[in-house]
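Enquirer: Build me a structure from this.
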Amino acid sequence: MAIKATVFKACLQIADMDRYYYSDHPLTVAQHPSETEERMMVRLYAFALYADEALTFAQGISNEDEPDLWQKDLTGAIERWIAVGLPDERAIRKACGRADKVVIISYGRAAEIWWNENKSKLTRLNNLTVLRLPNEATQALAKLVGRTMQLQCTIQEGHMMVTSADGVVEIEPVIWHGSLSSGQAWQ
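Expert: Got it, this is the predicted structure:
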């Protein structure tokens, strides 16, 4: 018998001062049996960072032809493809051919090694952004997990502060390649 996903309810209150985007997003997040709480929270971070009414969770971890999140236009064309973790370089190139913009949000101890191994090939891709989240921040995010979560996400100059009843986490990503959004590059 297959192990079922664990379902979490999250309400993200997003105040993105960089994009002038202010909205509440009630989300149902399925945690795959092989997924850690840290990875699930990085997916929520990705949602908050690129929040849009058209942004949705995809099958990512259980279907290698899909990202963790994607944003499609009304014709079904993929505008933004977001993958969390350390995806294969060939899969990233394939995604760059399918989507207008591709974002990789890397984290964990092996991220530096992964980047050094793939850097020369990935920096050639013009529609790719690669972000690196600090280990301390992603581990602190994992401590905010609850079956129901109320998270306030404030974004300014690329930095995010996630606040909940269980604590506050500040996340300052490092841009390894590309820019956070069109016309915006910070570090």
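
Enquirer: Excluding chain neighbours, what is closest to M17?
Expert: Q156 (4.5 Å; CB to CB, 6 or more residues apart in numbering). In this view, the C-beta of every residue, glycine as well, is placed from N, C-alpha and C.

Enquirer: I misspoke; the intended subject was L128.
Expert: Nearest in space to L128, with sequence neighbours left out and distances taken as CB to CB, 6+ apart, is V102 at 4.9 Å.

Enquirer: model confidence over the host helix or strand of the one you found, on average?
Expert: Assigned by DSSP states H and E, V102 falls within strand 99-106. What strand 99-106 shows for mean pLDDT is 97.

Enquirer: And the residue positioned nearest the centre of the chain, its phi and psi?
Expert: Centroid-nearest residue in the chain, with CA atoms, centre = their mean: A46, separated by 2.5 Å. Phi and psi for A46, reported as degrees, to the nearest 10, are phi -60, psi -40.

Enquirer: wouldn't it be in contact with R80 here?
Expert: No. Contact status for A46 versus R80: not in contact, 10.1 Å apart, counting by CB atoms under 8 Å.

Enquirer: intersection of neighbour lists for these two?
Expert: Common contact partners of A46 and R80 (CB atoms under 8 Å, 6 or more residues apart in numbering): L69, V103.

Enquirer: returning to that earlier point: give me the residues contacting the strand holding V102.
Expert: Here strand 99-106 makes contact (CB under 8 Å, 6+ apart) with 42, 45-46, 50, 70, 77-87, 92, 95-96, 114-115, 125, 127-133, 173, 176, 178.

Enquirer: List the buried residues in the helix or strand following that strand.
Expert: As assigned by DSSP H and E, the chain's next helix or strand after strand 99-106 is helix 111-122. Within helix 111-122, the residues scored as buried using 16 or more other CB atoms under 10 Å are A111, W114, W115, N118, L122.

Enquirer: gap between the last one and Y50?
Expert: Pointing back at L122 there. Distance, L122 to Y50, by CB to CB, to the nearest Å: 19 Å.

Enquirer: same question, the second one
Expert: When CB to CB is the yardstick, W114 and Y50 sit 21 Å from each other.
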